[in-house]
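A.B. asks: the following block contains a protein sequence and its predicted model.
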Amino acid sequence: MNPTLLAVGLSLLSAVAYATAAVTQERLAARIPPRSRRLRTLWGARAWWLAVALNSGAALLHVAALRFGPLTLVQPLGALTLVAAVPLGARLTGRRVGRREWHGVAWTLAGLGALTFAASGPAPEATLSLAQALGVAGATAAVLGLLAWPGARPGLRHATASGLSSGVASALTQTVTVAATGAGAALLSGRVAVVVLLVAGFAVGGLLLAQTAYQDGLGAPLALLTLANPVAASTIGIALLGEGFRGGAAGAALALAGAVIAGRGVLVLSRAAAADRAGVTRTAARGRIVAAGPAVPRPAPARVRRPASCR
């Protein structure tokens, strides 16, 4: 089979698996009370383990796609997760995807396409040193702690944290992959063992943060997560691995434009999700009023007329 066609097929399967996992997590988040013991509840839910299996399978499919196709082809196809998840989630909840949601998806995908095109390049060769890996892990943990702090709009903040965590895990995975393909003995080094543990921690953290983020719906959190992931990975690649944008200043300008366009898409999806939640609330309120029945006015008490002799 043609390697390019194989890479495209694997990328599409990966995107569908990621989208199905995201919808599964969003539906699970809607059933978990906010103040319940979340970890204990998740571990006892079959839907949670289904989401874990789907995410793991999607990651393996993505790695396999990179084996047969270039990054410039595979990485943009990964953004199809957003296209698949929004209509899939709407279908499972019995509603139609609104025009505003489609606009948000289109803006986000256009921005992500520009970002991945500008930041993509040849196969990686450089790796992070142990000090660099620990520094990245420490800085990321601090940012995740700030984003996960209780406050307003936890869904979008946790989605950002999940994207950053997953992006850092991908960047650290590159060090393990390059070391493993370079020499088999590198797998036994202490640096690779520490990086593997960091990858596992950030991957699990990203999955748990995404589960919390989907309490606010699917569209905007998934779009923000999809945007934060490549931004985090690209930042590490540029700052520590000597990677750059294709085309120099023009590539940097294209990447900046892509970030702005994708940010607009996230904003559109966020507003669409807020409007949808408001509509659901109004519908539920009307349903309660109808169930209670129309208000029956109480008759005014009869006025007793006293005899004239008593006046």
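C.D. replies: Thanks, I have the structure now. Numbering: from 1, shown residues only.

A.B. asks: quick one: the helices in the chain?
C.D. replies: Ranges of helices in the chain, per DSSP state H, are 3-31, 38-43, 46-68, 71-78, 80-92, 99-119, 130-147, 154-182, 190-213, 219-240, 249-292.

A.B. asks: pick the most deeply packed of those.
C.D. replies: Among those, the stretch with the highest mean neighbour count (mean count of other Cβ atoms under 10 Å) is helix 219-240, at a mean of 24. In this view, the C-beta of every residue, glycine as well, is placed from N, C-alpha and C.

A.B. asks: alpha carbons of that one, as PDB, please.
C.D. replies: Taking Å, rounded to 0.1, in the frame of the first residue of the first chain, the C-alpha atoms of helix 219-240 are listed here in PDB:
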ATOM      1  CA  GLY A 219     -17.100  22.700  21.600                       C
ATOM      2  CA  ALA A 220     -15.100  25.500  23.200                       C
ATOM      3  CA  PRO A 221     -13.000  23.300  25.600                       C
ATOM      4  CA  LEU A 222     -12.000  20.900  22.900                       C
ATOM      5  CA  ALA A 223     -11.100  23.800  20.600                       C
ATOM      6  CA  LEU A 224      -9.000  25.500  23.200                       C
ATOM      7  CA  LEU A 225      -7.400  22.100  24.100                       C
ATOM      8  CA  THR A 226      -6.600  21.500  20.400                       C
ATOM      9  CA  LEU A 227      -5.100  25.000  20.100                       C
ATOM     10  CA  ALA A 228      -3.000  24.900  23.300                       C
ATOM     11  CA  ASN A 229      -1.400  21.500  22.500                       C
ATOM     12  CA  PRO A 230       0.600  22.500  19.400                       C
ATOM     13  CA  VAL A 231       1.400  25.900  20.900                       C
ATOM     14  CA  ALA A 232       3.100  24.200  23.900                       C
ATOM     15  CA  ALA A 233       5.000  21.700  21.800                       C
ATOM     16  CA  SER A 234       6.100  24.300  19.300                       C
ATOM     17  CA  THR A 235       7.300  26.600  22.100                       C
ATOM     18  CA  ILE A 236       9.600  23.900  23.500                       C
ATOM     19  CA  GLY A 237      10.800  23.000  20.000                       C
ATOM     20  CA  ILE A 238      11.800  26.600  19.100                       C
ATOM     21  CA  ALA A 239      13.200  27.500  22.500                       C
ATOM     22  CA  LEU A 240      15.100  24.300  23.400                       C
END
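
A.B. asks: tell me what that helix is packed against?
C.D. replies: For helix 219-240, the packing partners by 3 or more Cβ pairs under 8 Å, 6 or more residues apart in numbering; DSSP states H and E come out as helix 80-92, helix 99-119, helix 130-147, helix 154-182, helix 190-213, helix 249-292.

A.B. asks: out of the ones you listed, which is closest to W43?
C.D. replies: Proximity to W43 (Cβ to Cβ) singles out helix 190-213 among the helices and strands packed on helix 219-240, at 11.2 Å.

A.B. asks: the closest one vs helix 154-182, what angle?
C.D. replies: Angle, helix 190-213 to helix 154-182, by axes from the mean of the first three to the mean of the last three Cα atoms, to 10 degrees: 150 degrees.

A.B. asks: what's the spacing between helix 190-213 and its chain's center?
C.D. replies: Its chain's C-alpha centre and that of helix 190-213 lie 15 Å apart, by Cα atoms, centre = their mean, to the nearest Å.

A.B. asks: please apply the same query to stretch 236-256.
C.D. replies: Distance of stretch 236-256 from its chain centroid, counting by Cα atoms, centre = their mean, is 24 Å.

A.B. asks: from here on, call the first residue 28.
C.D. replies: OK, 28 is where the count begins now, so the last one is stretch 263-283.
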